[in-house]
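Everything below, folded, please.
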Amino acid sequence: MAKIISINTSDKKGVRKKPVDSVVVKENFGIEGDAHASDEWHRQISLLALESIKTMQEKGLDVGPGDFAENFTTEGIDLPVLPIGTKMTIGDEVEAEVSQIGKVCHNRCAIYHQAGDCVMPKEGIFIKVLKGGTVKTGDKISVM
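Okay, here's the model as predicted:
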(Lines give C-alpha, C1' and ligand atoms only; values in the text may rest on other atoms or scores of the structure.)
Protein backbone atom coordinates (compact mmCIF):
# COMPACT_ATOMS: atom_id res chain seq x y z
CA MET A 1 0.00 0.00 0.00
CA ALA A 2 1.34 3.41 -0.97
CA LYS A 3 1.26 6.05 1.74
CA ILE A 4 2.59 9.37 2.99
CA ILE A 5 5.50 8.80 5.39
CA SER A 6 6.30 12.46 6.04
CA ILE A 7 4.73 15.83 5.20
CA ASN A 8 7.30 18.61 4.85
CA THR A 9 6.97 22.36 4.40
CA SER A 10 9.11 25.49 4.33
CA ASP A 11 8.52 29.19 3.82
CA LYS A 12 11.53 29.49 1.44
CA LYS A 13 12.46 27.64 -1.76
CA GLY A 14 15.66 25.61 -2.09
CA VAL A 15 16.01 24.63 1.57
CA ARG A 16 15.38 21.49 3.56
CA LYS A 17 11.76 21.29 4.65
CA LYS A 18 10.56 20.61 8.20
CA PRO A 19 8.09 17.83 9.03
CA VAL A 20 4.51 18.60 10.09
CA ASP A 21 1.68 16.23 11.07
CA SER A 22 -0.91 17.52 8.61
CA VAL A 23 -1.50 20.22 5.99
CA VAL A 24 -4.34 21.93 4.20
CA VAL A 25 -4.04 21.46 0.46
CA LYS A 26 -5.81 24.03 -1.70
CA GLU A 27 -7.20 23.33 -5.16
CA ASN A 28 -4.98 24.62 -7.98
CA PHE A 29 -2.54 26.03 -5.42
CA GLY A 30 -0.76 23.46 -3.25
CA ILE A 31 0.03 23.32 0.46
CA GLU A 32 -1.13 26.33 2.43
CA GLY A 33 1.94 28.17 3.78
CA ASP A 34 4.53 26.33 1.65
CA ALA A 35 6.95 28.31 -0.52
CA HIS A 36 6.25 26.19 -3.61
CA ALA A 37 2.48 26.64 -3.55
CA SER A 38 1.18 28.81 -6.39
CA ASP A 39 -1.71 28.98 -8.81
CA GLU A 40 0.70 30.21 -11.46
CA TRP A 41 2.57 26.98 -12.15
CA HIS A 42 2.22 23.22 -12.37
CA ARG A 43 4.73 22.20 -9.67
CA GLN A 44 2.41 22.83 -6.72
CA ILE A 45 3.47 19.85 -4.57
CA SER A 46 6.60 17.69 -4.79
CA LEU A 47 6.86 14.01 -3.93
CA LEU A 48 9.92 11.85 -3.32
CA ALA A 49 9.97 8.19 -2.28
CA LEU A 50 11.51 7.06 0.99
CA GLU A 51 13.15 4.36 -1.12
CA SER A 52 15.09 7.10 -2.99
CA ILE A 53 16.17 8.68 0.29
CA LYS A 54 17.37 5.28 1.55
CA THR A 55 19.54 4.98 -1.57
CA MET A 56 21.26 8.23 -0.58
CA GLN A 57 21.63 7.00 3.02
CA GLU A 58 23.33 3.84 1.70
CA LYS A 59 25.86 6.12 -0.02
CA GLY A 60 26.71 7.47 3.43
CA LEU A 61 24.70 10.70 3.33
CA ASP A 62 23.04 11.87 6.53
CA VAL A 63 19.63 12.66 4.99
CA GLY A 64 16.01 11.95 5.72
CA PRO A 65 12.49 13.01 4.78
CA GLY A 66 12.29 16.69 3.83
CA ASP A 67 16.02 17.05 3.21
CA PHE A 68 15.51 17.11 -0.57
CA ALA A 69 12.80 19.79 -0.22
CA GLU A 70 10.01 17.35 -1.07
CA ASN A 71 6.57 18.10 0.35
CA PHE A 72 5.40 14.50 0.59
CA THR A 73 7.78 11.65 1.34
CA THR A 74 6.08 8.49 0.10
CA GLU A 75 6.52 4.76 0.53
CA GLY A 76 5.33 1.88 -1.62
CA ILE A 77 4.88 3.70 -4.93
CA ASP A 78 7.36 3.94 -7.83
CA LEU A 79 6.97 7.66 -8.49
CA PRO A 80 9.24 8.23 -11.54
CA VAL A 81 7.37 5.63 -13.64
CA LEU A 82 4.00 7.41 -13.30
CA PRO A 83 3.25 9.13 -16.60
CA ILE A 84 2.42 12.83 -16.72
CA GLY A 85 -1.35 13.13 -16.42
CA THR A 86 -1.67 10.23 -13.95
CA LYS A 87 -4.38 11.05 -11.44
CA MET A 88 -4.15 10.09 -7.77
CA THR A 89 -6.02 10.51 -4.52
CA ILE A 90 -4.18 11.33 -1.32
CA GLY A 91 -6.01 10.64 1.91
CA ASP A 92 -9.79 10.93 1.84
CA GLU A 93 -10.14 14.24 0.02
CA VAL A 94 -7.22 15.38 -2.13
CA GLU A 95 -7.14 14.64 -5.86
CA ALA A 96 -4.07 15.51 -7.92
CA GLU A 97 -2.43 14.94 -11.28
CA VAL A 98 1.23 14.23 -12.08
CA SER A 99 2.47 17.36 -13.85
CA GLN A 100 6.23 16.78 -14.06
CA ILE A 101 8.74 13.98 -13.52
CA GLY A 102 12.09 15.08 -12.21
CA LYS A 103 13.46 18.55 -12.84
CA VAL A 104 16.43 20.28 -14.37
CA CYS A 105 18.90 21.36 -11.73
CA HIS A 106 20.70 24.27 -13.40
CA ASN A 107 22.88 25.14 -10.42
CA ARG A 108 23.86 23.11 -7.44
CA CYS A 109 21.27 24.34 -4.97
CA ALA A 110 21.55 24.56 -1.20
CA ILE A 111 20.15 21.03 -0.90
CA TYR A 112 22.96 19.61 -3.04
CA HIS A 113 25.57 21.41 -0.95
CA GLN A 114 23.93 20.38 2.34
CA ALA A 115 23.29 16.75 1.38
CA GLY A 116 26.18 16.15 -1.02
CA ASP A 117 23.88 14.88 -3.77
CA CYS A 118 20.29 15.27 -4.88
CA VAL A 119 17.86 12.60 -6.08
CA MET A 120 15.02 15.05 -6.63
CA PRO A 121 16.02 15.92 -10.24
CA LYS A 122 15.90 12.24 -11.25
CA GLU A 123 13.38 10.56 -8.97
CA GLY A 124 11.07 13.24 -7.61
CA ILE A 125 7.74 14.12 -9.18
CA PHE A 126 5.44 17.11 -9.06
CA ILE A 127 1.67 17.24 -8.91
CA LYS A 128 -1.01 19.83 -9.56
CA VAL A 129 -3.95 19.87 -7.12
CA LEU A 130 -7.33 19.14 -8.72
CA LYS A 131 -9.31 18.99 -5.45
CA GLY A 132 -8.16 20.24 -2.06
CA GLY A 133 -8.53 18.92 1.47
CA THR A 134 -6.47 17.86 4.45
CA VAL A 135 -3.55 15.43 4.25
CA LYS A 136 -2.12 13.70 7.32
CA THR A 137 1.01 11.63 7.82
CA GLY A 138 0.10 8.00 7.14
CA ASP A 139 -2.60 8.82 4.56
CA LYS A 140 -2.97 6.37 1.69
CA ILE A 141 -2.09 7.25 -1.92
CA SER A 142 -4.18 5.64 -4.65
CA VAL A 143 -3.38 5.88 -8.35
CA MET A 144 -6.59 6.17 -10.37
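
is the residue nearest to the spatial centre of the chain in a bridge, and if so with what?
Per CA atoms, centre = their mean, the C-alpha nearest to the average position across the chain is that of L47, at 2.1 Å. Applying DSSP bridges to L47 gives these bridge partners: F72, I125.

does it really touch T74, like I thought?
Yes. Using CB atoms under 8 Å, L47 makes contact with T74 at a distance of 5.6 Å. Placement of C-beta: from N, CA and C, glycine included.

tally of neighbours for I4?
A count of neighbours around I4, defined by other CB atoms under 10 Å, yields 23.

Can you tell me how far it is from Q57?
In this view, I4 and Q57 are 19 Å apart by CB to CB, to the nearest Å.

Give me the buried positions along stretch 79-92.
L79, L82, T86, M88, T89, I90, G91 (16 or more other CB atoms under 10 Å).

cool, and stretch 8-17?
Buried residues in stretch 8-17, defined by neighbour count with 16+ other CB under 10 Å: N8, T9, S10, V15, R16, K17.

Show me what stretch 131-138 is in contact with.
Stretch 131-138 has contacts (CB atoms under 8 Å, 6 or more residues apart in numbering) with 3-7, 19, 21-27, 29, 72, 90-95.

so where's the longest helix in the protein?
When the chain is parsed with DSSP state H, its longest helix is helix 50-58.

Show me what that one is packed up against.
Helix 50-58 sits against strand 72-75, with contacts defined as 3 or more CB pairs under 8 Å, 6 or more residues apart in numbering; DSSP states H and E.

what residues are up against E27?
By CB under 8 Å, 6+ apart, the contact list for E27 reads V129, L130, K131, G132.

Please repeat the previous calculation with a cut-off of 10 Å.
D39, Q44, V94, E95, A96, K128, V129, L130, K131, G132, G133 (CB atoms under 10 Å, 6 or more residues apart in numbering).
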